[in-house]
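*Asks:* Provided below are the primary sequence and the corresponding predicted coordinates.
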Amino acid sequence: MSRYYDYLYIIATIAFTVYGQLILKWRIAKYGSLPQELEEKIRFLFSLLADPLILSGFVAAFVASLAWMAAMTKFELSHAYPFMSLNFVIVLLLSGWLLSEPITFAKVIGVAMIVSGTIVAANG
């Protein structure tokens, strides 16, 4: 098997992580803000767990963890981890497109700095 196939574990980690973040934000936004009262907070959070799409976000996070464990068997952490900065880029772009969240110049610069720093650290 080609070494390039090993990168599928990293790609799967990124894809499932991004899916989980986006689906959670999208569905939770449909329910409104977290209530102030403790009892209401607990009831609210448990009602979120009844939403199948929210549950799919948790499943995605679990699958991302499994893919990451597989990636750790193939790569050194210092090589694989910098790829996780792609999560910032993808979430920023997709949250703007799918969730209509504003993509500001400051956010773009911030993400660019994270990615640049990650590249420098990975090569250092």
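*Replies:* Nice, thanks for sending it over.
*Asks:* what about this structure, any weak spots by pLDDT?
*Replies:* Scanning the chain with the threshold set as pLDDT under 70 gives 1, 124.
*Asks:* in it, where's the longest helix?
*Replies:* helix 3-31 (DSSP state H).
*Asks:* and the helix or strand hosting I109, what other elements does it pack with?
*Replies:* Using DSSP states H and E, I109 sits in helix 105-123. Applying 3 or more Cβ pairs under 8 Å, 6 or more residues apart in numbering; DSSP states H and E, one finds that helix 105-123 contacts helix 86-98. From N, CA and C alone the C-beta is placed, and that goes for glycine too.
*Asks:* which elements pack onto the helix it packs on?
*Replies:* Under the contact criterion of 3+ Cβ pairs under 8 Å, 6+ apart, helix 86-98 touches helix 3-31, helix 105-123.
*Asks:* deepest of the ones you listed, which one?
*Replies:* With neighbours defined as mean count of other Cβ atoms under 10 Å, these peak in mean count at helix 3-31, which reaches a mean of 17.
*Asks:* give me the residues contacting whichever helix or strand comes after it.
*Replies:* Moving toward the C-terminus from helix 3-31, the next helix or strand (DSSP H and E) is helix 38-49. Applying Cβ atoms under 8 Å, 6 or more residues apart in numbering, the external contacts of helix 38-49 come out as R27, I28, Y31, L34, P35, I54, L55.
*Asks:* can you list the buried residues in helix 38-49?
*Replies:* By 16 or more other Cβ atoms under 10 Å, the buried positions in helix 38-49 come out as F44, L48.
*Asks:* could you check the angle helix 3-31 makes with that helix?
*Replies:* Helix 38-49 and helix 3-31 are oriented at 130 degrees to each other (axes from the mean of the first three to the mean of the last three Cα atoms, to 10 degrees).
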